[in-house]
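**Student:** Got a sequence here, can you build the structure:
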Amino acid sequence: MAMEKTVVLIKPDAFQRGLVGRILSRFERKGLKIVGMKMVKMSPGLAKEHYAHLVDKPFYPGLEKFMTNEPILVFVLEGQEAVEVVRKIVGVTNSRKADAGTVRGDYSMSTGRNTIHASDSIETARAEITRFFAPEELFDYNLKVWDYIYAEDEKE
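**Tutor:** You can find the predicted model right below:
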């Protein structure tokens, strides 16, 4: 099995509420490896590219303003089936319907202010990694604890 990479954005509402560290720690505790991370201020153009599937929705102007007015934390996580694992940790988009124990289920009550974004497929993850990171901003290193997280036949 090959290790997958996926993208996570911690949104402005999580910054304002002091949740960044708590959210990030959930992924580390799960055993996912952080291979790239940076704090950015999303431009309107980058927001339009990232949310291209929502640009025509009536709520988009508010979403763009929300995502471009404050910094966000963008990071890439790596692990077995990382996209699916991260999506489970994050929870469904409508936080009121997200299971307790998920990031959205524990930390938000909104669809539009739901603290976090995670890639929804391997293809989306690849596009988002390219969107937010140059190749030299991603790191390949040995996470020694993986010997205790994965069985021999699960590592590559």
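**Student:** Residue 154 touches residue 31, doesn't it?
**Tutor:** No - if you go by C-beta atoms under 8 Å, residue 154 and residue 31 don't touch, sitting 11.1 Å apart. From N, CA and C alone the C-beta is placed, and that goes for glycine too.
**Student:** Strands along this structure, start to end?
**Tutor:** Ranges of strands in the chain, per DSSP state E, are 4-10, 33-40, 72-79, 116-118.
**Student:** So which residues make contact with the shortest one?
**Tutor:** Yep, that's strand 116-118 we're talking about. Identification of contacts with strand 116-118 by C-beta atoms under 8 Å, 6 or more residues apart in numbering yields 6-11, 14, 23, 83, 86-87, 89-90, 103-104.
**Student:** Pull the contacting residues for residue 139.
**Tutor:** 35, 36.
**Student:** Please identify, among the contacts of strand 116-118, the one with the most neighbours.
**Tutor:** The most crowded member of the contacts of strand 116-118, judged by other C-beta atoms under 10 Å, is residue 6 (28 neighbours).
**Student:** what bits of the chain have low per-residue confidence?
**Tutor:** Along the chain, the model assigns pLDDT under 70 to residues 1, 156.
**Student:** Mind putting the strands of the chain into a markdown table with distance to residue 126?
**Tutor:** Listed next are those as a markdown table, based on distance: least, C-beta to C-beta, whole Å:
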| stretch | distance to residue 126 |
| --- | --- |
| strand 4-10 | 8 |
| strand 33-40 | 13 |
| strand 72-79 | 11 |
| strand 116-118 | 14 |
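**Student:** Which one, of the ones you listed, ends up nearest to residue 140?
**Tutor:** strand 33-40 (7.1 Å; C-beta to C-beta).
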